[in-house]
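Sequence plus predicted model, see below.
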Amino acid sequence: MKSDGGVLVNGANRVDLVAISELVNQGSRVLDIGCGDGGLLALLEATRRVDGRGIEISQRGVNECVARGLSVVQGDADTDLADYPDDGFDYVILSQTLQATHRPRHVLEEMLRIGRKVIVSFPNFGHWRVRILLGLGGRMPVTRSLPMAWYETPNIHFCTIRDFVELCDEIGASVEKSIALGRTGERNAFSAPLWFWNLFGQQAVFLLTRGLDKP
Amino acid sequence: MTETRDSDPYDDGAPPRSVGEVDELSGQVASFGPDTPLALDSGGRLDHLEIAYQTYGELNPERSNAILICHALTGDQYVASVNPETGKTGWWSLMVGPGKAIDTERFFVICSNVVGGCMGTTGPASINPASGKPYGLDLPVITVHDMVRAQAMLLDHLGIDSLFSVAGGSLGGMQVLQWAASYPERVFSALPIATGARHSSQNIAFHEVGRQAVMADPNWRGGRYIEAGVSPRKGLAVARMAAHITYLSDGALHRKFGRNLQDRDELTFGFDADFQIESYLRHQGFTFVDRFDANSYLYMTRAMDYFDLADAHGGRLADAFVGSRTRFCVASFTSDWLFPTIENKSVVRALNAAGASVSFVEIGTDRGHDAFLLDEPELFGTIRGFLSAAAVARGLKP
């Protein structure tokens, strides 16, 4: 863990992970999709005593996870979630991975099937800096949290916070909690209206449950 | 590593040694009599059972650091030491030994020849006490579950209640899965590698070709070739040749042999081994018959064919592992078409459905099914990491 409120994952400081871990109850069963080198799972096991599982697409990530004693399966979020039973986990977490999936809607629906609660974090494409780079600069934004050029980024399905809220609505997920994070992890006022954090939140963390009208 | 060594760990080019020229570790045999019969899935039972085994490393005072290695179809108990009959290095000496991924300086490793085998454990070439002659086909058909029951008897005999780990590839992996399903409380961690929870139709088909080749050899004599003083060498060699293809991959064969000619510059317009691949397979076939009993080959292949772990649990594989506290690590290889990733993943899926602790890696390689026996650093790294983490969880001293 880093002292300034983030967690190091694959060498990057991830401010969203602390926010995520605070949403997870002690002793719960957790599936982390796209778990990388296992930074979040290790954090959750250490601070929340969770029974954790992971899915990771890269061989290197899986090996690092296995070597630190985590239970991680090499696989692809787009195709392998079907292998997991309904309600198998208390929490299913997708951190900074939604925008890299081929079928984000499908992935989200599968997560809501597998977990009683779902936590998703993603970079907000509606952030003012992104809007300026695209709107005024006329170029795909390259920022600190979106550091790769358009032709080499694995991120193929960007969305804004507003877009995400709309998708949740469409698939009948209800938003239990939502947190917008600034660059260093400072949290935007919870009471602020949606337009405000769609403009000023660099990242978003959502806690979702299945809506009542959905099985 | 020579080209031949690369795909057949048994063949290191060393001249075969004669039986009797044994190394100091060999010769461990546990005998079981009618007071502890081995009840078999077929309904039969073995009142007299010998289990030949090897051990490596030292059992700790808590008896908590034992790892059972389960061998594959034509393997044996000499996992990390020279096989005294062939003079070849241990079949998994790249994986098991001092400082290796399965470290014999840390763990107490046990490997036994399976029931139905031909390296000292009771098998079709053993003397049937009822007749005083070799069993031949009078030995009841042996299943993977039977093999595991016998191994459990061996562990009782050695005074080991709980294994730190069970590891094996292929048929060995089937035994690992059976161990985890039958004795979950005795298995702290499990390493099923390049395996499946059942033998596929295609795999049964290849085995049937092999068995038919053995039985079509006139020297097989209905399985009574030992008394007749002959051996179905040609049939067994053909069986081995066909099987050997399934252990490799199109890519690896092409890389190693291509269409290269063997000791000649042009085609002979005949049926000699013009191509290197033909020569290689013939060599594999004919070296195999020197070390393996033909009837044992029938029994081993049958055991794999009959294996269907889900079937024994109402058709739901996950039910085989419900409530299991064993830590699993499953590994497959991208070019393995005998036990492809999808078969290994069905095990992972079932373990997930059962809520078991499971890790899974797919190792990228072109060496096919045999990759689990070869120098695959990613596999070694995964297993080393998995066992180290499991050792911490078990409270083993570093």
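Structure received.

Break down chain B into its helices, ranges please.
B:3-7, B:144-158, B:171-182, B:201-216, B:225-228, B:233-247, B:250-256, B:276-291, B:294-306, B:341-353, B:377-394 (DSSP state H).

Point out the most buried one among the ones you listed.
helix B:171-182 (a mean of 26; mean count of other C-beta atoms under 10 Å in any protein chain shown). Heads up, the C-betas are built off the backbone N, CA and C, glycines and all.

helices or strands up against that helix?
Helix B:171-182 sits against strand B:66-70, helix B:144-158, strand B:165-169, strand B:189-193, helix B:294-306, with contacts defined as 3 or more C-beta pairs under 8 Å, 6 or more residues apart in numbering or on different chains; DSSP states H and E.

Which strand residues bridge the most centrally placed residue in chain A?
Central residue of chain A (C-alpha atoms, centre = their mean): A:S95, 2.2 Å from the mean position. Taking DSSP bridges as the rule, A:S95 bridges to A:S121.

Let me know which of the helices and strands packed on helix B:171-182 is the nearest to B:A180.
Nearest to B:A180, of all the helices and strands packed on helix B:171-182, is strand B:189-193, at 4.7 Å by C-beta to C-beta.

which bits of the stretch 201-350 of chain B sit near chain A?
Selection of the stretch 201-350 of chain B residues close to chain A by C-beta under 8 Å from any C-beta of the partner chain yields B:A318, B:R327, B:C329, B:K345, B:V348, B:R349.

let's see it at 7 Å
Residues of the stretch 201-350 of chain B lying close to chain A by C-beta under 7 Å from any C-beta of the partner chain are B:C329, B:V348, B:R349.

Could you dump the helices of chain B into CSV with distance to A:M140 and mean pLDDT added?
Below are the helices of chain B laid out as CSV (distance: least, C-beta to C-beta, whole Å; pLDDT from 0 to 100):
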stretch, distance to A:M140, mean pLDDT
helix B:3-7, 48, 37
helix B:144-158, 56, 97
helix B:171-182, 48, 98
helix B:201-216, 48, 98
helix B:225-228, 74, 97
helix B:233-247, 49, 97
helix B:250-256, 39, 95
helix B:276-291, 52, 96
helix B:294-306, 54, 98
helix B:341-353, 36, 95
helix B:377-394, 35, 94
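
Would you format those helices as JSON lines with distance to A:G182 included?
JSON lines is the format used below for these (distance: least, C-beta to C-beta, whole Å):
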{"stretch": "helix B:3-7", "distance to A:G182": "56"}
{"stretch": "helix B:144-158", "distance to A:G182": "58"}
{"stretch": "helix B:171-182", "distance to A:G182": "48"}
{"stretch": "helix B:201-216", "distance to A:G182": "57"}
{"stretch": "helix B:225-228", "distance to A:G182": "81"}
{"stretch": "helix B:233-247", "distance to A:G182": "57"}
{"stretch": "helix B:250-256", "distance to A:G182": "50"}
{"stretch": "helix B:276-291", "distance to A:G182": "64"}
{"stretch": "helix B:294-306", "distance to A:G182": "59"}
{"stretch": "helix B:341-353", "distance to A:G182": "37"}
{"stretch": "helix B:377-394", "distance to A:G182": "36"}
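
A:I161: which of those helices is closest?
Judging the helices of chain B by C-beta to C-beta, what sits closest to A:I161 is helix B:341-353, at 31.9 Å.

Distance from that closest one to the middle of the chain?
Chain-centre distance of helix B:341-353: 21 Å, with C-alpha atoms, centre = their mean, to the nearest Å.

Quick one: list the elements packing against it.
Helix B:341-353 sits against strand B:327-333, strand B:357-363, with contacts defined as 3 or more C-beta pairs under 7 Å, 6 or more residues apart in numbering or on different chains; DSSP states H and E.

tell me the most buried of those?
strand B:327-333 (a mean of 27).

Strand B:165-169 and that strand, what's the angle between them?
10 degrees (axes from the mean of the first three to the mean of the last three C-alpha atoms, to 10 degrees).

Need the three-state assignment for A:N63.
Three-state call for A:N63 (DSSP: H, G, I helix; E, B strand; the rest coil): helix.

gap between it and chain B?
6 Å (C-beta to the nearest C-beta, to the nearest Å).

That residue: what's it in contact with?
By C-beta atoms under 7 Å, 6 or more residues apart in numbering or on different chains, the contact set of A:N63 is B:V361, B:E378, B:G381, B:T382, B:G385.

just these that are near chain A?
Subset of the contacts of A:N63 in contact with chain A: B:V361, B:E378, B:G381, B:T382, B:G385, counting by C-beta under 7 Å from any C-beta.

My read is that the first one contacts A:V73, right?
No. Counting by C-beta atoms under 7 Å, B:V361 does not reach A:V73; the two are 8.5 Å apart.

so who does the nearest residue to B:F206 once chain neighbours are set aside touch?
Counting by C-beta to C-beta, 6 or more residues apart in numbering or on different chains, the nearest residue to B:F206 once its immediate chain neighbours are dropped is B:T246, at 5.5 Å. Applying C-beta under 7 Å, 6+ apart, we find B:T246 in contact with B:F206, B:L338, B:H369.

Phi, psi for the residue of chain A positioned farthest from its centre please.
What lies farthest from the middle of chain A is A:L136; by C-alpha atoms, centre = their mean that is 28.6 Å. Torsion angles at A:L136 (phi, psi; degrees, to the nearest 10) stand at phi -100, psi -40.

can you count the residues close to the nearest residue in space to A:L44 that is not next to it in sequence?
Nearest residue to A:L44, sequence neighbours excluded (C-beta to C-beta, 6+ apart): A:V50, at 4.5 Å. Look at A:V50: counted by other C-beta atoms under 10 Å in any protein chain shown, it has 23 neighbours.

Next: the one 10 residues further on.
The criterion is other C-beta under 10 Å. On that basis, A:R60 has 13 neighbouring residues.

B:A216 contacts B:G235, correct?
Yes. B:A216 is in contact with B:G235 according to C-beta under 7 Å; the separation is 5.8 Å.

Residues of chain A that sit close to chain B?
A:59, A:62-63, A:66-69, A:71-74, A:83-85, A:88.

and the nearest residue to B:R325 once chain neighbours are set aside, how far is that from chain A?
Computed as C-beta to C-beta, 6+ apart, the closest residue to B:R325 that is not its neighbour in sequence is B:P184, at 6.9 Å. Here B:P184 is placed at a distance of 16 Å from chain A (C-beta to the nearest C-beta).

So B:P184 sits against B:T326, correct?
Yes. If you go by C-beta under 7 Å, B:P184 and B:T326 touch, sitting 5.8 Å apart.

Which one's more surrounded, the two?
Neighbour count, other C-beta under 10 Å: between B:P184 and B:T326, B:T326 has more, with 25 against 18.

my guess is the more buried one contacts B:A190, does it?
Yes. At 5.3 Å, B:T326 and B:A190 qualify as touching, with contact defined as C-beta under 7 Å.

mind checking how far B:E378 is from B:F360?
13 Å (C-beta to C-beta, to the nearest Å).

list residues touching both of those two?
By C-beta under 7 Å, 6+ apart, no residue touches both B:E378 and B:F360.

Which of the residues of chain A next to chain B has the largest number of neighbours?
A:V66 (31 neighbours).

residue contacts, that residue?
Going by C-beta under 7 Å, 6+ apart, A:V66 touches A:V72, B:C329, B:S359, B:T382, B:G385, B:F386.

and with 10 Å instead?
A:38, A:54, A:56, A:72-74, B:329, B:331, B:359-361, B:381-390 (C-beta atoms under 10 Å, 6 or more residues apart in numbering or on different chains).

Neighbours of A:R49, how many?
Per other C-beta under 10 Å, the neighbour tally for A:R49 reads 13.

Distance check, the closest residue to it other than its chain neighbours against A:L44.
Spatial nearest neighbour of A:R49, excluding adjacent residues (C-beta to C-beta, 6+ apart): A:G27 at 5.2 Å. A:G27 sits 11 Å away from A:L44, going by C-beta to C-beta.

I appreciate the help and will end here.
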